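*Asks:* output the structure for:
(chains A, B, C, D and E, ligands or ions: 5)
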Amino acid sequence: MTHPTEDVFAIEAQGIARRFGARWILRGVSLHVRPGEVIGLLGSNGCGKSTLLRMLATLLKPTAGSAAIYGHDVVKEADEVRRNIGFLAHTPGLYDDLSARENLEFAAEMLGGGHEDIDAVIERVNLSHVRHERVRGFSAGMQRRLALGRLMLTKARVLLFDEPYSNLDTDGIRLMNSIISEAARDGGAALVVLHELAPAAGLLDRTVTIRDGRVADPTAALLAEAELAGAAGISVVA
Amino acid sequence: MTHPTEDVFAIEAQGIARRFGARWILRGVSLHVRPGEVIGLLGSNGCGKSTLLRMLATLLKPTAGSAAIYGHDVVKEADEVRRNIGFLAHTPGLYDDLSARENLEFAAEMLGGGHEDIDAVIERVNLSHVRHERVRGFSAGMQRRLALGRLMLTKARVLLFDEPYSNLDTDGIRLMNSIISEAARDGGAALVVLHELAPAAGLLDRTVTIRDGRVADPTAALLAEAELAGAAGISVVA
Amino acid sequence: MTSPASSPEIQVPKAGSWPVFGWFTLAFMVFAQWYAITTSPADRDMGDLQKILYVHVPASWIMSITFALVFVYSLLYLWKGKDSYDLLAASSAEVGATFVGLTLVQGMIWGKPTWGVWWTWDARLTSTLVLFLVFVGYLALRAFIDEPQRRGQWSAAVGVLGAINVPIVWMSVRWWRTLHQMQSTPQTMEPVYRNGLLINFLAFTLLAVYLIRRRYEAAMTARAAELALQAAALGGG
Amino acid sequence: MTRVRSQGGDHWRRIRAIAWKDLTTERRSKAGFNAVVSLGITILVLFGFALGPDAQALRDAAPGALWLAVLFAGVLAFNRSYQVELDTGALEPLLLYPGARWTIFTGKLLANMLFVGLLLVIVVVAGMVLFAVKVPEAWPTVIAVLALGTIGLVTLGTFYASMASRSRAREVLLPLLLFPMLVPVLLAAMQASKALIGADLMLEAGAWIKMLIAYDIIFVLATHLAFEHVIEA
Amino acid sequence: MTRVRSQGGDHWRRIRAIAWKDLTTERRSKAGFNAVVSLGITILVLFGFALGPDAQALRDAAPGALWLAVLFAGVLAFNRSYQVELDTGALEPLLLYPGARWTIFTGKLLANMLFVGLLLVIVVVAGMVLFAVKVPEAWPTVIAVLALGTIGLVTLGTFYASMASRSRAREVLLPLLLFPMLVPVLLAAMQASKALIGADLMLEAGAWIKMLIAYDIIFVLATHLAFEHVIEA
Ligand code: HEM
Ligand SMILES: Nc1ncnc2c1ncn2[C@@H]1O[C@H](COP(=O)(O)OP(=O)(O)OP(=O)(O)O)[C@@H](O)[C@H]1O
Ligand SMILES: Nc1ncnc2c1ncn2[C@@H]1O[C@H](COP(=O)(O)OP(=O)(O)OP(=O)(O)O)[C@@H](O)[C@H]1O
Ligand SMILES: [Mg+2]
Ligand SMILES: [Mg+2]
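*Replies:* Ligands and ions are numbered 1, 2, ... in the order given. Next up is the predicted model:
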């Protein structure tokens, strides 16, 4: 993987906003993520975290404002952006009637890459024992692992994760964390939506909280984190 | 809510097993939950936790073995079982084109209850501001809250939760926990599938771990818990 | 060990003397065909083409039997829930569909030289085709459902409804035809042909019984193998 | 839970709730009904093209074309009626409500009956205009025939959709199961319509109408009995 | 990421991957194709009933009935082709792959072309048997007409399905959008088939064939250009 120039932001959002019907969900979010950073994105249910991620991933157009990935505008240079981002959404988006391996083979073809890495990736996400079984019968966590495997094939630099830990067991969480930190180490960056800090402990460089359609000021964010930790009866390991 | 006789198990599974195609997922799980208990159900991805819950909820027939809810067999007295269980699945199962309130009204009609509680329930799950909006536009967490509201209408005694905390924010987690403990306090019981103990800290009476299609022996379960806590970098508050 | 909820006991059916029965059936069929063909004179209009009668009519007879079997076994399955009834219904439907298909193909092969067309919208032909399509629907449903229990329940419902529909289709198609002009239908049977036909009825019935039985054995053996797997899974470590 | 319930009242409540929910979601999905009606008319027009410009041929084929248009357009409604449960996983909660399952079927049946009934009325009017068919003298009988035909069509359609919509090939399986089963109802309805429109012998139509009634009764009963087995699996 | 890519090779790889994936999932859903073919034949039989038992009337209506049967059965295939993306939310990952979007369309087009082409062959043979149509002398031209008609049908069908399948009323919307647009292609194909079967003036068929060719070219180009905009929205 080539190392990016350090003077450009991995993710840069400037007053990005989005409306659904008459309701403004995001009212102008500005966000700057440097290469190498892993950012946690917090916020209550329905505050627009998924919406923000979908806009950064070029899946949804902003109503106002702009965003760029490594300097490429998400609207005007969508194709270049797609080369650089990997997105793990709420739903895994796999083909039920293809096997685990065939799903990754298809992804490799679409990405223009070779098939050499596939077996290693399947091994890594711990699905070797079901590699030739159809995805239809996979459990929620197994599907998420496979989606993670597909993400690994893309060799994307900026990774967007929408609640990556849901459905994953301890082993899966560990795997997810190692992938996120590897990506960041290689000069990439990651934006991780989460509701609990616990599984991502030790991983995040900082957190950003969305409230009322804007980035909440840092003090508020800190308070939110403390509250979060308190509510769950855990102590966050710094 | 009437108080159950104390000499009958809230949930009693005897060597319950399930096969999909030629693969055995559960090979004979025995489980005894007394009224008033809240049990955590642990296990790695794809080990059959959801399958077990679906069998207890009469949605799936066991291939072998039997289970009973308050003494009612899940196969032979399915209708009586359905009167007693509430099930919160991976998917919320709401009608996209009905509003939040209409979804609950429909549930009330189907349950044969009145509409008096509905507003209180909506208030409780914190969706009053969108009560008349269609569910289609709800975020993942909002939908889960509404599904929780529907569960509250059933007045079921035995509650089955499949990863209830996913998509929920801190406030949602707190709400979920209070509902679970209320149900248990009133002589009900709850079986909660989870991957992380943190959000449920202080709530669970004990945990059961499924491994290789069977209930793992308690020592193994303890080890799993320790591992779980260690991996996430948190300390479980007893 | 507790018994499975869906299938209390599965009796693996033994092949027993069925293979012998099969050989006997084959021999009997050869004899029946030989008898029918040699004893019947060439037809006045059709000549030796008439000999198709001895496969055509018995084949269509099998269609009625198998549809009745599907109906009975489907009802039994809905009532008792025993796997064996589901598999018997499925085996009957497969054999039935094959024979209806044969009837159609033979009929068309016969029709071309006799009537000059492959197909005509005659009442009997049309109702046979519709019943064939009902069978196809039944089998398609089975193919699209993976879960054995669900497959059993659903196809039983489709089988029962389909069978209820048989007499109604028959009547309606006949009325539809006869209310307009009547097509030239095969003339009624002369006694010389009758014996040959009767003996072939018997031969084909034996054949159907044999095929359904063997198909059922195969299906049950597969099911039993799965149950053996279950015993291993529950008993062993 | 000690709750005094009047069985009949409870059943009716559930039936009404289901029908209301189906009709509401259908109405809310805006283009739902209008689209199906437009499709019915589009199919009629296609038949017009397919059967060529000869006016008499068109008139003769009119009852058949009408019923086929209703059939092809109606089939879409049946699958939609379960689609709404499946798209969002709502079928599971529905199955978890205690109480008789056949009420679900009856509720959906009522909703579909209204839907297809309205569709039929509009398509028939459009068809009479397009194919230049005159209003027959025996029009009350024609309406009865239409109603009887609709009952048969909707009953079987709603029933088979409960399976087809949950299989892998929903769009294909439903018509594949349904169409052969509907041949009697189609023939009866077409022939009765034909006989009546052509001011034909009432006798002839009478036989077909009796058959339609028998068909409807048999299948309404049979599907209600079978539904419990089907929806559970 | 410095990667030397041959544009053309990459496009072809993507097209092939999509077509392979669509055909594989279709094949895996076991009876998929068989079911659609059976449905096509069932529809032919329904037409037989609708158009009455009169042999000559049936023969006259045969080309129309054939094309309509292929149309109704084929429409199911088009929606299925996107259904597979939507059932499991696979469309989003598909849109996230960098590179030209039109290759997705071309891939699906190829898969559908094969599917509907095979369907057509079988339905046409069945239709000729059922409606007692003789093999026309100009059969090579008939085959050309069928091929041209298929291209038009599949191109528009695949294109509209990309929109319809993502709307709430997918099953209804697709035929509603598609059928009116297909009227020219259907008319041309039907008239050409009719002229050829009836051993009619070759001249007449010739004009229709030219129109079919023009139609196909226009729509293959237009849909490829428009697809990028449609799939993104
Ligand atoms: C596709 C074409 C055909 C089909 C589907 C068909 C179907 C049938 C069926 C279902 C029966 C049994 C009816 C019953 O049990 O009452 C039957 C009987 C018979 N068929 Fe055919 N048939 C076809 C063509 C023909 C042709 C071309 C001939 C001769 C020219 C023929 C001659 C007969 C005769 C003689 C009988 C038995 C006599 C009777 O019951 O009246 N069939 N056919
Ligand atoms: N309908 C089905 N057909 C075939 N296999 C299935 C089906 N449902 C579940 N399975 C298989 O059963 C196993 C258990 O699935 P289940 O959903 O119960 O797992 P789980 O413990 O809930 O996992 P997770 O934590 O990932 O949700 C998986 O291996 C899955 O592949
Ligand atoms: N397609 C849509 N149409 C209308 N409203 C929408 C749409 N998508 C999202 N919304 C609205 O936008 C808001 C934010 O949704 P989003 O999914 O981004 O929330 P979220 O922060 O991801 O919440 P959660 O933590 O529950 O996943 C919600 O209030 C939702 O109602
Ligand atoms: Mg979200
Ligand atoms: Mg699960």
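
*Asks:* for chain C, just list every one of the helices.
*Replies:* Counting by DSSP state H, chain C has helices at residues C:18-39, C:53-80, C:83-115, C:123-144, C:148-178, C:191-235.

*Asks:* what do you get for chain D?
*Replies:* Taking DSSP H as the test, the helices found in chain D are D:7-28, D:31-50, D:55-86, D:91-96, D:102-130, D:139-164, D:170-197, D:202-232.

*Asks:* and the longest one, what's buried?
*Replies:* Translated: helix D:55-86. By neighbour count with 16 or more other Cβ atoms under 10 Å in any protein chain shown, helix D:55-86 contains the buried residues D:58, D:60-85. For glycine as for every other residue, the C-beta is placed from the backbone atoms N, C-alpha and C.

*Asks:* before we move on, the earlier item: please tabulate the helices of chain D in a markdown table, including the columns distance to C:D86 and mean pLDDT.
*Replies:* Below are the helices of chain D laid out as a markdown table (distance: least, Cβ to Cβ, whole Å; pLDDT from 0 to 100):
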| stretch | distance to C:D86 | mean pLDDT |
| --- | --- | --- |
| helix D:7-28 | 30 | 88 |
| helix D:31-50 | 36 | 83 |
| helix D:55-86 | 24 | 83 |
| helix D:91-96 | 22 | 91 |
| helix D:102-130 | 23 | 92 |
| helix D:139-164 | 15 | 90 |
| helix D:170-197 | 18 | 84 |
| helix D:202-232 | 12 | 86 |
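
*Asks:* buried deepest among these, which one?
*Replies:* Comparing those by mean neighbour count (mean count of other Cβ atoms under 10 Å in any protein chain shown), helix D:170-197 ranks first with a mean of 26.

*Asks:* quick one: that helix near chain A?
*Replies:* No - using Cβ under 8 Å from any Cβ of the partner chain, helix D:170-197 stays clear of chain A, with a minimum separation of 14.0 Å.

*Asks:* give me the contact list for the strand or helix carrying A:L52.
*Replies:* Secondary structure assignment for A:L52, by DSSP states H and E: helix A:49-56. The contact list for helix A:49-56, computed with Cβ atoms under 8 Å, 6 or more residues apart in numbering or on different chains, reads A:11, A:13, A:16, A:18, A:25-26, A:29, A:41-43, A:60-62, A:67, A:69, A:74, A:85, A:87, A:89-90, A:160, A:162, A:191, A:193, A:210, B:139-140.

*Asks:* out of those, which are buried?
*Replies:* Listed as buried from the contacts of helix A:49-56 are A:11, A:13, A:16, A:18, A:25-26, A:29, A:41-43, A:60, A:62, A:67, A:69, A:74, A:85, A:87, A:89-90, A:160, A:162, A:191, A:193, A:210, B:139-140; burial here means 16+ other Cβ under 10 Å.

*Asks:* and for the closest residue to chain C within chain A, the neighbour number?
*Replies:* With Cβ to the nearest Cβ as the measure, A:R136 is the residue of chain A nearest to chain C, at 8.4 Å. For A:R136, the count of nearby residues is 16 (other Cβ atoms under 10 Å in any protein chain shown).

*Asks:* any idea how many residues pack against the closest residue in space to it that isn't next to it in sequence?
*Replies:* Spatial nearest neighbour of A:R136, chain neighbours left out: A:D96 (4.2 Å); criterion: Cβ to Cβ, 6 or more residues apart in numbering or on different chains. Using other Cβ under 10 Å, A:D96 has 19 other residues around it.

*Asks:* so who does D:S81 touch?
*Replies:* Shown in contact with D:S81 (Cβ under 8 Å, 6+ apart): D:22, D:108, D:111-112, D:158, D:161.

*Asks:* chain C contacts on chain A?
*Replies:* Counting by Cβ under 8 Å from any Cβ, chain A has no residue next to chain C.

*Asks:* go again with 10 Å.
*Replies:* A:136-137 (Cβ under 10 Å from any Cβ of the partner chain).

*Asks:* show the contacting residues for D:V220.
*Replies:* By Cβ atoms under 10 Å, 6 or more residues apart in numbering or on different chains, the residues touching D:V220 are D:106, D:109, D:151-152, D:154-156, D:159.

*Asks:* go on, C:N165?
*Replies:* Contacts for C:N165 were tallied using Cβ under 10 Å, 6+ apart; they are C:67, C:130-131, C:134, C:172, D:156, D:180-185, D:215, D:218-219, D:222.

*Asks:* could you measure from the residue most central in space within chain C over to ligand 2?
*Replies:* Closest residue to the average C-alpha location of chain C: C:G96 at 1.8 Å, with Cα atoms, centre = their mean. Going from C:G96 to ligand 2 by Cβ to the nearest ligand atom, to the nearest Å gives 30 Å.

*Asks:* what residues does that residue make contact with?
*Replies:* The contact partners of C:G96, taken as Cβ under 10 Å, 6+ apart, are C:62-70, C:131-132, C:135, C:138-139, C:208, C:211-212.

*Asks:* separate out the buried members of those.
*Replies:* C:62-63, C:65-67, C:69-70, C:131-132, C:135, C:138-139, C:208, C:211-212.

*Asks:* ok, those vs D:L96, which is closest?
*Replies:* C:Y138 (30.2 Å; Cβ to Cβ).

*Asks:* tally of neighbours for the nearest residue to C:K112 once chain neighbours are set aside?
*Replies:* The shortest distance from C:K112 to any non-neighbouring residue, by Cβ to Cβ, 6+ apart, is to C:W118 (5.4 Å). Counted by other Cβ under 10 Å, the residues lying close to C:W118 total 16.

*Asks:* right, and C:W118 touches E:V129 too?
*Replies:* Yes - at 4.5 Å, C:W118 counts as touching E:V129 under the criterion of Cβ atoms under 10 Å.

*Asks:* tell me, how many residues neighbour residue 53?
*Replies:* As the question left the chain open, I've gone with chain A. By other Cβ under 10 Å, 23 other residues sit near A:L53.

*Asks:* that's the other chain; I wanted chain C
*Replies:* C:L53: 22 neighbours (other Cβ under 10 Å).

*Asks:* per-residue confidence for it?
*Replies:* For C:L53, the pLDDT comes out at 75.

*Asks:* list the contacts of the nearest residue to C:M63 once chain neighbours are set aside.
*Replies:* Spatial nearest neighbour of C:M63, chain neighbours left out: C:V100 (4.8 Å); criterion: Cβ to Cβ, 6+ apart. Each residue near C:V100 by Cβ under 10 Å, 6+ apart is listed here: C:59-60, C:62-64, C:66-67, C:128-129, C:131-136.

*Asks:* relative to helix B:49-56, how tilted is the strand or helix carrying A:G149?
*Replies:* Per DSSP H and E: A:G149 is located in helix A:140-154. Per axes from the mean of the first three to the mean of the last three Cα atoms, to 10 degrees, the angle that helix A:140-154 makes with helix B:49-56 is 150 degrees.

*Asks:* that concludes my questions; thank you for your assistance.
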